[in-house]
Each structure stands twice: as structure tokens, then as C-alpha cells.
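Undergrad: Sequence and predicted model, in that order:
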There are 2 protein chains.
Amino acid sequence: MARKTGSHSEITGPKVRDAALRLFARHGYAAVSMRQIAREVGVQAGALYLYTKDKQSLLFDLMRTHMDELLAAWAATPKGSTPLAQLEDFSRFHIHFHLDRPDAVFIAYMELRNLSDANFATLEALRREYERELERILEAGHAAGMINVPDTRLATMAVIAMLTGVNTWYREGGRLSQDAVADIYWDMVRGAVGA
Amino acid sequence: MARKTGSHSEITGPKVRDAALRLFARHGYAAVSMRQIAREVGVQAGALYLYTKDKQSLLFDLMRTHMDELLAAWAATPKGSTPLAQLEDFSRFHIHFHLDRPDAVFIAYMELRNLSDANFATLEALRREYERELERILEAGHAAGMINVPDTRLATMAVIAMLTGVNTWYREGGRLSQDAVADIYWDMVRGAVGA
DNA sequence: AGATTAACTGAACGATTGTTCAAATAAAAC
DNA sequence: GTTTTATTTGAACAATCGTTCAGTTAATCT
């Protein structure tokens, strides 16, 4: 046997990324072998190298794609006119975006140390870019006297940590909907920044 | 060569745990080999098995010890009489305890998936026990009308995520002392729970 | 000083790792 | 229907993995 019936790179390619995403999130990058990924895809290990240069690139591409999508989705989100409205927009956006892709989020936070130095630097820059979006809002809110925080940078980190934390406990089909969770968290975010 | 001069299990034992803690935190459990740990200790890989049953037990013991120490330290912490004072005590305690052992904290959060089912259950129980401490405070504060949260469970998770998040950016010797950070975060925690 | 015990080495075990590549087969192009 | 191209197999590579154990040496005990 060699080429499979109905096989296409447009089919196998995404399958490889999907399998890698799920397995990396579940067991961790270092604990997952190329053969496990291949088995999940329904292919031999060697075939994976038609779709990725090596294992490291597979991880990096997943993380980079995730961050690109995050920044693009936020950029495309309609925003209110006041800093406070924008803070609410950010909070709701962050929760929904992250709850919709738990595996990618998990990997983005947990596998940074498995990146090569260059790849790590690239991702770190994207992460800072996203944090900077929130920090800008908080700075504007502070200047306008709408919020009250002693340190904008710390408030940025606190809010992001709080919002991302939802991913650790939220389960689809639980007692609260995503919207209900977002409502409650927005209340807490507002309180935390003294608004 | 065999037994080293001046060698003692009371010396090598802690050395093994220290090396494992540092390496696991830095590179991840799955990415660290027993031979790496041994090299760090200054010993051959086989010698590690005098101090641990296997690699899994080494990880579990580190995590279990960390959680035991966390619960013991909180139990030994003097607490205020009102729920609000206790919430402040908890916030400050959490930040200081976690900033003092970044490696252990990192492992406790990142390596849960590398635990066997039984070991995972044990650790999960300890984690819930700690969360429950905060939740009790919030419930009492809510009953006393001192704090205002629509959902105590969510507030618990939000506060813990926010406080633990400090570990991701805090660096000893930075622009803020631990106490200064704790001051600012206590302000934000208080605001988040509507107090 | 001699015997016993604790600590460690060094080699070995089979299993698994990421990766490469010639050969094979299906799909697409002509 | 034939040729070309895209896709995959299956075997092989050296390296490394966790773990065991008989043998060796230092510390301790009598």
C-alpha cells in the first residue's frame, strides 16, 4: 500500500494539525510522539513530514496561528467609544474567544518552554501585543478618571489572568452559559479596576 | 568507583528533589530524563532509584509536598476576625507563599496531566481543599453583607487566578517589592468582590 | 582491625524516540 | 490509455528512554 484512496493534502494537512493540537493539549508536547499523531490521523509517521518540517515547527505553527487569530479577532471586534465600554468589550471578547478554543489556549500557555529561542521570542512579542491592547484601554480609562488603579501594568496582568482562568474550570453544558459567565466576570473586572 | 567520599542519603536525597524540581519546572516533566537529573546531582542515573521508586513518584512527591506545605502554611497563618480581614490575609498569604517557590508552583499547575489517575485524584483533592478555604471566606463575607458577588464559586476561581497570575510576571529585584505587589493586588481583589 | 552496612557505579535491558528515504500506488494531466 | 505528479508506506537509522542489578567502595559499628 502507498497512496490512500481519496487522499488529499487539503484533507490530511488539517487533520495533522487537529490531531497534534488535541494530543499536545491533552498530554503535553514532549509526551506526544510523532507516531501517536500519525495513528490519530490514520497514516504512518513518515507521512507527517510532508506537512511539517519537524515536530518543533508543528508546535510553533499551532501557537503562532492561535496568536494571529487572537489578534485578528480582537481587531475585528466592534468596540465602544468610552474606555469603560472598551474594557467590557475586551473582557467579553477574551472569555468567549478563549472558551471556544480550550486546546489552543492550553498549548499557548503551557508549551512556551518547549519552543526554540527564536520561536519563543516571536510568540512572546505577539503575547505582549495583545496585553498592550488591554493596557492601552486601562491607561485611557485612568486618564479619563473612569477607572482607578494604582498601576496600569499590574492591572493589565491581573485582569488577563482572571479572565484566562475561566478556561481552567468552565465546562460546556455546565450550570452557566458563556454569556452568564461573561456577565459575572465583567462585574468583577469592573470592580477590580475601581470603576 | 562506587560510594563517594562524604556521601550521605540526607545530603543526596534533598539534592535529587531540588534538581528534579528545578529541571521539571524549567523543561517540563516529560522533557527531563533521569540521566539529566543524575548529572545535576553529580551521580549516575541508577543511584536515583535509592531515593525514588520511579520517575512518576518523584514528580508526585514534589507536588504533594508542595500542596501539604501550602495548606499547613495557611493553617498556621494568623487571621483577622472579619471576613474582609480574612480575605486580605488570604490574598497577601497567597502572593507571598507562591512568589517564594515559583518552581514548585509552576510544576503544581503544569504537570497535573503527567500524573497517574490515582495521583491526580489525590492532588486535585488537596487543591480543592485550598480553594474551599477562600470560598468559605467569601461565603461568610457575603452572608455578612460585607462583599457583593453574584456567585461565590466564580469569585473564588477569579481571585485565585488573579493572585496566582503574579507568578507569571514577577521577578525578584524588579521595580516592585512583594509587599508593594500584595498591596496593589489586595486593592484589586477587594474591588472585584465588591467590598 | 575486621565485619557490616549504606551509597554508588557502570553496564546492560528492551522499548521508543524523531527523522530519512527508496519504493509503491492513486490521482491528475495529457 | 499513458505519463506525470502527489501522496503514502514500511523499513531503517542512531540516539535516548526508564529501570534493574551485580559488583565496588566509603562510612559505620563491634
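TA: Great, that's in hand.
Undergrad: ok, and for the longest helix anywhere in chain A, which residues are buried?
TA: Counting residues, the longest helix found in chain A (DSSP state H) is helix A:117-143. For helix A:117-143, burial by neighbour count (16 or more other C-beta atoms under 10 Å in any protein chain shown) applies to A:119, A:122-123, A:126-127, A:130-131, A:133-135, A:137-142. (C-beta placed from N, C-alpha, C; glycine too.)
Undergrad: I'd like the next helix or strand past it.
TA: Proceeding N to C from helix A:117-143, the next assigned helix or strand is helix A:152-164, under DSSP states H and E.
Undergrad: And the helix or strand following that following helix, what's buried?
TA: Toward the C-terminus, helix A:152-164 is succeeded by helix A:166-169 as the next helix or strand (DSSP H and E). Under the neighbour-count criterion of 16+ other C-beta under 10 Å, helix A:166-169 has A:Val166, A:Asn167 buried.
Undergrad: Leaving out sequence neighbours, find the closest residue to A:Ala195.
TA: A:Ile147 (4.4 Å; C-beta to C-beta, 6 or more residues apart in numbering or on different chains).
Undergrad: That neighbour and A:Ile37, how far apart?
TA: As judged by C-beta to C-beta, to the nearest Å, A:Ile147 and A:Ile37 stand 46 Å apart.
Undergrad: quick one: is the helix or strand encompassing A:Lys15 near chain B?
TA: Using DSSP H and E, A:Lys15 sits within helix A:9-27. Yes - Helix A:9-27 reaches chain B (C-beta under 8 Å from any C-beta of the partner chain) through A:Arg26, A:His27.
Undergrad: same question, stretch A:45-62
TA: No - against chain B, stretch A:45-62 shows no contacts by C-beta under 8 Å from any C-beta, the least distance being 12.0 Å.
Undergrad: ok, back up a step: closest one to DNA strand D out of the buried residues of helix A:117-143, please.
TA: Nearest to DNA strand D, judged by C-beta to the nearest atom of the strand, of the buried residues of helix A:117-143 is A:Asn119 at 20.7 Å.
Undergrad: Tally up the residues packed near the residue nearest to that closest one when sequence neighbours are not counted, please.
TA: Leaving aside its chain neighbours, A:Asn119 sits nearest to A:Phe60 (4.6 Å; criterion: C-beta to C-beta, 6+ apart). Neighbourhood size, A:Phe60 [other C-beta atoms under 10 Å in any protein chain shown]: 22.
Undergrad: Go ahead and confirm A:Phe60 touches A:Leu115.
TA: Yes - between A:Phe60 and A:Leu115 there is a contact at 6.2 Å, judged by C-beta atoms under 8 Å.
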